[in-house]
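**Student:** Generate coordinates for the sequence data below:
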Amino acid sequence: MIDKVEGFIINEQSYSETSKIINVFTRKYGIIGILAKGAKRIKSPFFNKVSKFTYASFNIQYKKGKLSTLISVDVLDYFKNIKSDIEKITYSSIISELVSQICKNEVNDKIYDIYSICLKKIDEGFSPIGITDIFKLRMLQFLGVDLKLDSCSICGSLKDIITVSCSSGGYICKNCYNNEKIISEAAIKLIRVFRYIDIEKITKFDVSDIVLLEISNFIDEYYETYTGIYLKSSSFLSILERLN
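**Tutor:** Numbering: from 1, shown residues only. Below you'll find the model as predicted:
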């Protein structure tokens, strides 16, 4: 069946000496594998058009549950700013890896829209770490382990919230506090903002590196505790941070 789909290339791999397999995140079919024959040849019409993070319209010979074949491609956005910056590449890889683990063969319009907006925000120059934290927090609902951020996760109190707890899965008030790690008031507030903000309406990102680090460390601990998801790109990020 010949079909036309739009989507984002979330990863690529070599296939023989001249071809590539690209995994494309589409609204129509979820994540599908597409064979781009001869894509590594300089004279190929696919050369430089089927690289990671590229957003395009793909004409394919679609095979459900199998490897589809690329017929033609029209690039809609190269995301050049991401591809020219190692930090942007790394954080964009993290959210792409997370999508690949959550969606697999499933179709999910909401995740597609969130991913699309986050990738655009990173490309536009907004904080890669901040946008990635927002994305990770949004994905918790789809993983079935969302945080409780409207009141104390233990007693339901709306008052005197003093930290957010990994073990309790959300906010903790002073009356329920039991030696959980205390994070700053700014981080406590921003975790909730990040979880519910309309990402498309973000016009500035004025958050200190210290607060972002607090939030990222909490999110990473929460993922490690409840999701069992391991992201290879996060390991590369650790190496990158040590070099800086």
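**Student:** any idea how far the longest strand along the chain is from the chain center?
**Tutor:** When the chain is parsed with DSSP state E, its longest strand is strand 2-15. How far strand 2-15 lies from its chain's middle: 17 Å, per CA atoms, centre = their mean, to the nearest Å.
**Student:** Can you show me the CA trace of it as CSV?
**Tutor:** Extracted in CSV, the C-alpha atoms of strand 2-15 (Å, rounded to 0.1, in the frame of the first residue of the first chain):
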residue,chain,number,x,y,z
ILE,A,2,1.4,3.4,-1.0
ASP,A,3,0.8,6.0,1.7
LYS,A,4,1.8,9.5,2.7
VAL,A,5,2.7,10.2,6.3
GLU,A,6,4.2,13.2,8.2
GLY,A,7,6.5,12.7,11.1
PHE,A,8,9.8,13.1,12.9
ILE,A,9,12.9,11.0,12.4
ILE,A,10,13.7,10.0,16.0
ASN,A,11,16.6,7.7,15.1
GLU,A,12,18.5,6.2,12.2
GLN,A,13,20.8,3.3,11.6
SER,A,14,22.9,1.9,8.8
TYR,A,15,21.5,-0.9,6.6
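**Student:** Pull out the buried positions in that strand.
**Tutor:** For strand 2-15, a neighbour-count test (16 or more other CB atoms under 10 Å) marks 3, 5, 7, 8, 9, 10, 11, 12, 15 as buried. (Glycine included, C-beta is placed from N, CA and C.)
**Student:** residues in contact with that strand?
**Tutor:** 20-29, 31-32, 35, 40, 50-62, 71, 76, 96-97, 99-100, 115-116, 119 (CB atoms under 8 Å, 6 or more residues apart in numbering).
**Student:** Just after that strand, pick out the following helix or strand.
**Tutor:** strand 19-26 (DSSP states H and E).
**Student:** quick one: strands adjacent to that next one?
**Tutor:** With DSSP bridges as the test, strand 19-26 is paired with strand 2-15 (antiparallel), strand 30-36 (antiparallel).
**Student:** Bridged to the residue nearest to residue 54 when sequence neighbours are not counted, which residues?
**Tutor:** Nearest residue to residue 54 in three dimensions, chain neighbours excluded: residue 9, at 4.9 Å (CB to CB, 6 or more residues apart in numbering). On the basis of DSSP bridges, residue 9 is bridged to residue 24.
**Student:** how close does residue 9 sit to residue 201?
**Tutor:** Here the distance between residue 9 and residue 201 works out to 27 Å (CB to CB, to the nearest Å).
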